[in-house]
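1. when you get a sec, could you give me coordinates for this:
(chains A, B and C)
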Amino acid sequence: MLTKAQSTLKSETCQKPDIVKMEDQVSPYHTSPYGIIPLPHLTMNTDVKYGLYENTSDLDGQNNACTKRYDVNDMLQQILSIVDQSLDEAQQRKHAFNCNRLKPAFFQVLCEIKEKTAINIRNLPEDEPQDPQLMRLDNMLIAEGVAGPERSGPTSGSSSASASALASINDDSALEHSDYRAKLTQIRQLYHSELEKYEQACNDFTSHVVNLLREQSRARPISPREIDRMVHIIRKKFSSIQLQLKQSTCEAVMILRSRFLDARRKRRNFSKTATEVLNEYFYSHLSNPYPSEEAKDELARKCGISVSQVSNWFGNKRIRYKKNIGKAQEEANLYAGIYTIN
DNA sequence: ATGTATGATTGAGC
DNA sequence: GCTCAATCATACAT
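-> As a prediction, the model looks like this:
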């Protein structure tokens, strides 16, 4: 069954008698399932508007239009000549084409052809899941305070708990902490300005392409769906660029962390009183030196260290006590003498 | 400079 | 998620 579109195209080839003569001949007035379209007019007009028959008049003197040979070279020549046409000329042609009363019908036909071809099959919008790598990076950037809402106080973030505890112990680490925060802010600002740039560029480019496609859609069949698809593709490309930005930002944060927050590099012994408090608890609970969550909280508060530091201390203490009970006996006696063994 | 002490990290096991 | 054991990296004492 011939569609309106197909019949239109076939009738167009009929305009070129040579071709039709040799190939399958279809009536220019073929009735499509969509009704009769006065095809000869359409083809004539569009051909003229497109300039395909531009030099017909020159040739008319020698050759009748029906006998004129249209070979591939002629057509190529005409296509190539479009490049040489001035913008004004092109605009005129475009305008003439758009004003053609049969243009909407012709356009509809082209759209239908497209609808029925494979173009739409691979057009199906796939709901692709979010890139797991991108999600990881996003989560990390938010966790580090680079992306997401700005953090004001040093006590606001959960990750800063140990740092703020350290800061309360001595000025040294407080200084380092502020240094760390300053550097993090620097990274944050850089990240956001770059991200903004990318987004701006993406939006600019997208709107440019959309405008271009919309403009072109007046002359060739471009469905809104296709434009959406193009926008989707552009966004995907740009997000892959953003991915690189996020990756390098994460790297920078990790380096910063390792430099400033890796406590192994800047280890400080706990204060004497803190060690005393911890030892007191340890030796007075020697039979079960495993402080509960509440006890850890209490010890952390008393010592001005974090709960995880308390946990670390007890972990180290238990293992080292076990390894050298003899040597630890002295210490045990010292504390046992003061506190009743539990 | 060297050895020891100590807080933190890592990986296995539960 | 906690603990153990080994280990790292630094602080501290000598």
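2. show me what from chain A comes close to DNA strand C.
-> A:264-269, A:290, A:293, A:311, A:314-316, A:318-319, A:322 (CB under 7 Å from any atom of the strand). The C-beta positions use only the backbone N, C-alpha and C, and glycine is treated the same way.
3. out of the residues you listed, which touch DNA strand B?
-> A:264, A:267, A:268, A:269, A:315, A:316.
4. helix, strand or coil for the third one?
-> Put plainly, it is residue A:268. coil (DSSP: H, G, I helix; E, B strand; the rest coil).
5. that one: how many residues sit nearby?
-> Residues lying near residue A:268 (other CB atoms under 10 Å) number 11.
6. can you check the last one too?
-> Residues within reach of residue A:316, counting by other CB under 10 Å, total 10.
7. sticking with it, tell me its helix or strand.
-> helix A:307-323 (DSSP states H and E).
8. buried residues in that helix?
-> A:307, A:309, A:310, A:311, A:313, A:314, A:317, A:321 (16 or more other CB atoms under 10 Å).
9. got it, and stretch A:242-253?
-> For stretch A:242-253, using 16+ other CB under 10 Å, the buried residues are A:242, A:245, A:246, A:249, A:250, A:252, A:253.
10. ok, residues contacting that stretch?
-> Contact with stretch A:242-253 is made by A:131, A:133-134, A:137-138, A:140-141, A:144, A:146, A:184, A:187, A:190-191, A:194-195, A:198, as judged by CB atoms under 8 Å, 6 or more residues apart in numbering.
11. swap in stretch A:219-233?
-> Against stretch A:219-233 from outside (CB under 8 Å, 6+ apart): A:94, A:97-98, A:107, A:110-111, A:113-115, A:119-120, A:123, A:125, A:206, A:209-210, A:213-214, A:216-217.
12. if you set the cut-off to 6 Å instead, what comes out?
-> A:110, A:111, A:114, A:206, A:209, A:210, A:213 (CB atoms under 6 Å, 6 or more residues apart in numbering).
13. now that stretch: average pLDDT?
-> If you average the pLDDT over stretch A:219-233, you get 83.
14. residue boundaries of the helices in the stretch 201-342 of chain A?
-> A:224-260, A:272-284, A:293-303, A:307-323, A:325-338 (DSSP state H, counting those that start in this stretch).
15. those helices: lowest mean pLDDT?
-> helix A:325-338 (a mean of 65).
16. name the element residue A:88 belongs to?
-> helix A:87-99.
17. how about that helix: buried residues?
-> For helix A:87-99, by 16+ other CB under 10 Å, it's A:93, A:96, A:97.
18. kindly reformat the residues you listed as a markdown table containing pLDDT.
-> Listed next are the buried residues of helix A:87-99 as a markdown table, based on pLDDT from 0 to 100:
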| residue | pLDDT |
| --- | --- |
| A:93 | 74 |
| A:96 | 78 |
| A:97 | 71 |
